[in-house]
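Q: Let me see the structure of the following:
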Amino acid sequence: MKKPVLVIMAAGMGSRYGGLKQMDPVGPDGELILDYSLFDARRAGFERAVIIIKKENEKDFREVLGDRVSRHMQIDYAYQSLDGIPEGFSIPEGRVKPWGTGHAVLSALEAVDGAPFCAINADDYYGREAFQLCYDHLSNLKSDGDICMVGYLLKNTLSETGSVARGVCTLNAESCLSDLKERTHIISTVDGPMFTEDGKMYELLSPETVVSMNMWGFPGAFMQCLKEGFPKFLQEKVPLNPMKAEYYLPGAVDDQLTAGTATARVYTTPDKWFGVTYREDRPLVVEALARMTGEGLYPTPMWP
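A: From the prediction side, this is the model:
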């Protein structure tokens, strides 16, 4: 079996943040959040990473990240573009929004080349344990439908500066995913985390709720599932919402779970997640990464 590959979704522009936040230095020596993911992945066992970007950003990624990291692990690039659609389909007039996370991962089909892979966001800090859990699962796959997800406790994923969207997980007795419900507006309050669907009525969520931060582990065969599902999405979903419909990775997983062709084992990590959803989050992330470096969890410089 081929060795697991890390697949990193980095084509988004971060509209709420106001710029290409994947390129924003946050570590003590100017490291990006992505540096920490690559470093943690490398010491978990990953030897190759495929970074999904917009073609026009390749020069920036190579200069700021790829050239120094590539001395320690293989870095390849894949390109997500709006015109990356099957023959016979067309882009709705006026559409500028990318096709979503499922399409992003599908863009890496050739680069992944049939290997099992871990898919993550470029602008999230996941912690060392998450990569180890995913790598170990991918190194011992039981079937072509043996998916895994690393989940986090909701209390460890909230932003102090605004609302967040989280996939709330329901697990069965075997710690496998039985339901994933997207909650698009979760806030932190003195009474605990709360969410709203209509902006008026709020409901409490347990701080211990397991949520998805979009860290998935897939057998190589899952790429074919994405390839088969994308035309169906274009045909059925896009006409209903031409400007904003997205082919989501969790939705593609749910299709396989519903069809009974896959299971998704959920590993829950106690690590705290960090991300820069809003520009106001940045100082908190800088402080946390500096503290972890001071505690010896990361070397300085990270890539000698």
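Q: got any ranges where the stretch 1-150 of the chain has weak pLDDT?
A: In the predicted model of the stretch 1-150 of the chain, residues 12-22, 66 satisfy pLDDT under 70.
Q: again, only this time at 80
A: 12-24, 65-67 (pLDDT under 80).
Q: List the buried residues of the strand ranked longest in the chain.
A: Across the chain, the longest stretch assigned as strand under DSSP state E is strand 177-189. Across strand 177-189, burial judged by 16 or more other Cβ atoms under 10 Å covers Leu177, Leu180, Arg183, His185, Ile186, Ser188. Every residue, glycine included, has its C-beta placed from N, CA and C.
Q: element containing the closest residue in space to Ala108 that isn't next to it in sequence?
A: Excluding its sequence neighbours, the residue lying closest to Ala108 (Cβ to Cβ, 6 or more residues apart in numbering) is Ala78, at 4.0 Å. Here Ala78 is covered by strand 74-79, with elements defined by DSSP states H and E.
Q: ok, Glu93 to Lys232 distance?
A: 22 Å (Cβ to Cβ, to the nearest Å).
Q: since we're on Phe47, how many residues are nearby?
A: For residue 47 the amino acid is Glu, not Phe. Residues near Glu47, counting by other Cβ atoms under 10 Å, number 13.
Q: Let me see the contact set for it.
A: Lys3, Met73, Gln74 (Cβ atoms under 8 Å, 6 or more residues apart in numbering).
Q: of those, buried ones?
A: Met73.
Q: Could I get the full set of helices for the chain?
A: Using DSSP state H, the helices of the chain run over residues 33-44, 58-61, 67-69, 101-106, 109-112, 128-138, 222-236, 249-259, 282-294.
Q: returning to that earlier point: just the residues contacting the strand holding Ala78, thanks.
A: 11, 47-55, 58, 61, 65-66, 69, 107-108, 110-111.
Q: from the buried residues of strand 177-189, which is closest to Met149?
A: Here the nearest of the buried residues of strand 177-189 to Met149, counting by Cβ to Cβ, is Leu177; it sits at 6.3 Å.
Q: Quick one, grab the pLDDT at the nearest residue to Thr209 once chain neighbours are set aside.
A: Using Cβ to Cβ, 6+ apart and skipping the chain neighbours, the partner closest in space to Thr209 is Leu154 (4.2 Å). Here the pLDDT value assigned to Leu154 is 95.
Q: pretty sure Ala156 is touching Phe274, no?
A: That one is not Ala; residue 156 is Asn. No - using Cβ atoms under 8 Å as the test, Asn156 is too far from Phe274 to be in contact (9.4 Å).
Q: which of those two has more neighbours?
A: A count of neighbours by other Cβ under 10 Å puts Phe274 above the other of Asn156 and Phe274, at 24 against 17.
Q: show me the contacts for the more buried one.
A: Phe274 neighbours (Cβ under 8 Å, 6+ apart): Ile33, Asp124, Tyr125, Leu284, Val285, Ala288, Leu289.
Q: My read is that the fifth one contacts Tyr125, right?
A: Yes - applying Cβ under 8 Å, one finds Val285 in contact with Tyr125, separated by 7.1 Å.
Q: hey, what's in contact with both of these two?
A: Common neighbours of Val285 and Tyr125, using Cβ under 8 Å, 6+ apart, are Ile33, Phe274, Gly275.
Q: which non-adjacent residue is nearest the second one?
A: Yep, that's Phe274 we're talking about. Tyr125 (3.9 Å).
Q: sorry, back to before: now for the contacts of Phe274: which two are most distant?
A: Every pair of the contacts of Phe274 checked by Cβ to Cβ; the farthest is Asp124 and Leu284, at 14.0 Å.
Q: Of those two, give the one with the bigger neighbour count.
A: Taking neighbours as other Cβ under 10 Å, Asp124 and Leu284 compare with Asp124 leading, 23 against 15.
Q: Next, the contact list for the residue nearest to the more buried one when sequence neighbours are not counted, please.
A: With sequence-adjacent residues excluded and distances taken as Cβ to Cβ, 6+ apart, Asp124 is closest to Gly275, at 4.7 Å. Residues in contact with Gly275, defined by Cβ under 8 Å, 6+ apart, are Ile33, Asn121, Asp123, Asp124, Tyr125, Ser159, Asp281, Val285.
Q: I'd like those laid out as JSON lines, including distance to Tyr267.
A: As requested, these are exported to JSON lines (distance: Cβ to Cβ, whole Å):
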{"residue": "Ile33", "distance to Tyr267": "21"}
{"residue": "Asn121", "distance to Tyr267": "17"}
{"residue": "Asp123", "distance to Tyr267": "22"}
{"residue": "Asp124", "distance to Tyr267": "16"}
{"residue": "Tyr125", "distance to Tyr267": "17"}
{"residue": "Ser159", "distance to Tyr267": "23"}
{"residue": "Asp281", "distance to Tyr267": "25"}
{"residue": "Val285", "distance to Tyr267": "24"}
